[in-house]
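A.B. asks: Predicted model follows, preceded by the sequence.
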Amino acid sequence: MSLLPLFDLSLQGRADVRGLEFLQPDGTVATRTFGELEAASNRLARLLRARGLATGDRLAFFLQNRPEVIELWLAAVKLGLILIPVNVLYRARELAHILTDAAPTAVVTTPDLAAHLPAGTAVWDVSALATAAAGEEATRIAVPADADTPLSLIYTSGTTGAAKGAVLTQGNFATNALTLVTAWRISAADRFLCSLPLFHVHGLANGIHCWLLSGCVLRLTERFEHARAAAWFEEFRPTLFFGVPAMFIRLLELPADQARVFGGRLRLAVSGSAPLPAEVHARFRELYGSVILERYGMTETLMNVGNPYEGERRPGTVGLPLAHVALRVCDEAGAPVPVGTSGEVWVKGPNVCAGYWRRPEATAAAWRDGWFRTGDIGVLAPDGYLTLQGRRSDLIISGGFNIYPREMEELLLEQPGVKEAAVVGAPDPVRGEVPVAYVVAGPEFDETAVAARLREQLASFKQPRAFVRVPALPRTALGKVQKHLLPPWRA
């Protein structure tokens, strides 16, 4: 299954329909019809071919959200190129690793971002590229492709060790888009507000691909800005919004009467890329009258699990396996554990990537008998709902007892004054590790009172050895907490 026939439902079938609106930094709105996107990507594909790029060649982009990212993505699909999206927050060390590992022909970027690239990097200015492409013919060129044709190397966040490039194929992306458009009833009638970065699979695989397949209208912003979010919701009136927990937390700051109006228009709000606190789920429902649909995916697998569109969207869980996914929860030996028992989540399906770029050892370690070991710890309810408890690498073993930080973090977020919380293991000479809680808290936070409440609700071995107040938790561009960057704690 290749992507272009799916995209053609919009690129050719809705050629005269306005498909894209881009909110520019100056506040004006630029628009494109699907036919204009088709023509622009055809011109760009011809220019890239004239510059010597052919099927299987690699090209990176280091860009904020803008229409040219979409045109570049479409051109890559048509030429069979392998695109490498690069996080715009990355700097020297991270950039050097990715560009050395992937060895792209060039990096498409802007002059300000180019200043961060390693010396000697071949840089193609995105504006100059668009100007040059405008002189090319608009008729389509396209090479044959199928489900196994690689489309992208997307690098994992690299919280442990160097980041690895997941080889994602056209079949991976096609499966993901078809499943989500069907499961979430996305149609041409939707109005989709997208503020997710397009260098991440959340914005690309879920956002751009579901939009192109469904033919709805997409409003793309350069980034999420909470100060402007109310104006966006009022002007564009979205029915569909994909976000990360940090976005939904900021949306809770809007006045209740305004939130209720926005929620009345919002057919579906989807959260992912990081755990959504159950408290945020409840507060959003109360304020907006809209129930967030939380789901679970990974760079290597795209979407695995989701709460149902029809049925219970259960707070604190990521829902049920999607139609294309086989899932089981396993012990260290790889044997499935009983329902209600914690273990590592393993998945299998056409959504799982083809492996890690030039990392045969890492690929072999992550797959077993066709199953991908996610590294996430979870537990299945009797009715199949999956609750995630953290990363395998986050597991704290204290005195022989397993501690899953997610459970403690959820409880901390229920305490007065606690705005954010992260629990990590700190070395201990007696117990091996002990949990330490890092909190972002307001003046009403009372450490003694919170500690007392935790003693009432959690086992003694789960009690934080200390509370460390920090001004903010270090996060990735998608809002995922980077626990390895928290300041070290010593007794």
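C.D. replies: It's in.
A.B. asks: Mind jotting down where the helices sit in the stretch 251-400 of the chain?
C.D. replies: 256-265, 278-288, 360-366 (DSSP state H, counting those that start in this stretch).
A.B. asks: And stretch 242-255, end to end?
C.D. replies: 21 Å (Cα to Cα, to the nearest Å).
A.B. asks: Of the helices of the stretch 251-400 of the chain, flag the one that's most buried.
C.D. replies: helix 278-288 (a mean of 18; mean count of other Cβ atoms under 10 Å). C-beta: built from backbone N, CA, C; applies to glycine.
A.B. asks: so how far is that helix from its chain's centroid?
C.D. replies: 21 Å (Cα atoms, centre = their mean, to the nearest Å).
A.B. asks: And for stretch 355-369?
C.D. replies: 22 Å.
A.B. asks: returning to what we had before: out of the helices of the stretch 251-400 of the chain, which is closest to residue 421?
C.D. replies: Within the helices of the stretch 251-400 of the chain, the stretch nearest residue 421 is helix 278-288; the backing value is 10.9 Å (Cβ to Cβ).
A.B. asks: Report all helices and strands that that closest one contacts.
C.D. replies: Counting contacts by 3 or more Cβ pairs under 8 Å, 6 or more residues apart in numbering; DSSP states H and E, helix 278-288 is packed against helix 245-251, helix 256-265, helix 405-413.
A.B. asks: cutoff 10 Å now
C.D. replies: Applying 3 or more Cβ pairs under 10 Å, 6 or more residues apart in numbering; DSSP states H and E, one finds that helix 278-288 contacts helix 245-251, helix 256-265, strand 268-271, strand 293-298, helix 405-413.
A.B. asks: okay, those, which one's buried deepest?
C.D. replies: Greatest average neighbour count among the helices and strands packed on helix 278-288 goes to strand 293-298 (a mean of 24), per mean count of other Cβ under 10 Å.
A.B. asks: quick one: it to helix 278-288, angle?
C.D. replies: Per axes from the mean of the first three to the mean of the last three Cα atoms, to 10 degrees, the angle that strand 293-298 makes with helix 278-288 is 140 degrees.
A.B. asks: Within the sheet, what are the partner strands of strand 293-298, with directions?
C.D. replies: strand 268-271 (parallel), strand 302-306 (antiparallel) (DSSP bridges).
A.B. asks: Next, the distance between the ends of stretch 366-375.
C.D. replies: Termini of stretch 366-375 sit 9 Å apart (Cα to Cα).
A.B. asks: And for stretch 184-193?
C.D. replies: End to end - Cα to Cα - stretch 184-193 spans 15 Å.
A.B. asks: circling back: I'd like the helices and strands packed on helix 278-288 written out as CSV, with mean pLDDT added.
C.D. replies: Formatted as CSV, the helices and strands packed on helix 278-288 follow (pLDDT from 0 to 100):
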stretch, mean pLDDT
helix 245-251, 90
helix 256-265, 97
strand 268-271, 97
strand 293-298, 96
helix 405-413, 87
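A.B. asks: could you dump those to a markdown table with distance to residue 466?
C.D. replies: Below are these laid out as a markdown table (distance: least, Cβ to Cβ, whole Å):
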| stretch | distance to residue 466 |
| --- | --- |
| helix 245-251 | 25 |
| helix 256-265 | 37 |
| strand 268-271 | 30 |
| strand 293-298 | 31 |
| helix 405-413 | 13 |
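A.B. asks: Could you list the domains of the protein?
C.D. replies: According to automatic domain parsing, the chain comprises the domains 4-223, 294-391, 395-485.
A.B. asks: got TSV for these, with distance to residue 242 too?
C.D. replies: Shown next, in TSV, are these (distance: least, Cβ to Cβ, whole Å):
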stretch	distance to residue 242
domain 4-223	6
domain 294-391	10
domain 395-485	11
